[in-house]
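In: Dropping a prediction and its sequence here:
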Amino acid sequence: MRVVLILILGCASFAADTIPTVNLSLSAPNSPQQLVTSLNLVLVLTILVLAPSLIFVMTSFLRLTIVFSFLRQALGTQQLPPTQVLVSLAMVLTFFIMEPVAKESYNVGIKPYLEEKMSYQEAFEKGAAPFKAFMVRNTREKDLALFFRIRQLENPKNIEDIPLTIAVSAFMISEMKTAFEIGFLLYLPFLVIDMVVSSVLMAMGMMMLPPAMISLPFKLLIFVLVDGWNLLVGKMVESFH
């Protein structure tokens, strides 16, 4: 016990000598460089706070999470796989799908800005361009036209003429529609299994036996035999242009 106490006190003394103190006081900047440093810190903190929302609305994460939720309901496995597992899988696949877009955004926007070769505004516009191009490629023209009509704007001639706010809004509703279409197709085979099991149970006079209890093993067996996760994930990834 004394040895542990001595080690703790020694580490505390070493930390006090080596770790710098953090000053959270607010004061007016003394130089333009200090102001730029403060603004950079505020910008980084803002990005960190908004990062989860940006990942949700500007990437493939939305479609993946909705489809995985439909799959779990179609299988009838209640809380299996757990929500945390499905969200983690959607995050991993989102990073895989968006990796080329993120690299392009870093090379054309973030990297030149860090090297002080362009301003905030130019870096933001060039860094957001790859994400906007990805969203427009995966958005229906009908959804884009809806928000242009709401804003009473003229039809765009190219991607650069589409405001980022309109691209994000149209992308979200387009992704939700696509996810619901995929969810409907996922439901069909499992719905057929439920109907067949219910009909067999009624024919045998076992109306008090819950059909879901009998159909669940058959649905799991068929999903495993056709290698459902491989097929679903492969087609989901390929569905993004």
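Out: Yes, it's here. Residues are numbered from 1 along each chain as shown.

In: Let me know how buried Phe68 is, in neighbour terms.
Out: Around Phe68 there are 24 other residues, counting by other CB atoms under 10 Å. For every residue, glycine as well, the C-beta is placed using N, CA and C.

In: cool, and Leu216?
Out: Neighbours of Leu216 under the rule other CB under 10 Å: 19.

In: show me what contacts it?
Out: 75-77 (CB atoms under 8 Å, 6 or more residues apart in numbering).

In: Thr139 now?
Out: Contacts of Thr139 (CB under 8 Å, 6+ apart): 167, 170-171, 174.

In: Following the chain past the helix or strand hosting Ser88, name the next helix or strand.
Out: Assigned by DSSP states H and E, Ser88 belongs to helix 83-105. Downstream of helix 83-105, the next assigned helix or strand under DSSP H and E is helix 111-114.

In: hang on, the earlier thing: give me the contact list for the helix holding Ser88.
Out: Outside helix 83-105, the residues touching it (CB under 8 Å, 6+ apart) are 55, 59-61, 64-65, 68-69, 72, 127-131, 134, 233, 236-237, 240.

In: Of those, which belong to strands?
Out: Counting by DSSP state E, no part of the contacts of helix 83-105 is found in strands.

In: how close does Ile162 sit to Phe124?
Out: Distance, Ile162 to Phe124, by CB to CB, to the nearest Å: 16 Å.

In: the more surrounded of the two?
Out: Shown here are Ile162 and Phe124; by other CB under 10 Å, Ile162 has more neighbours (22 against 16).

In: Pretty sure that one sits against Glu154.
Out: No. The pair Ile162 / Glu154 is not scored as a contact, 11.4 Å apart, by CB atoms under 8 Å.
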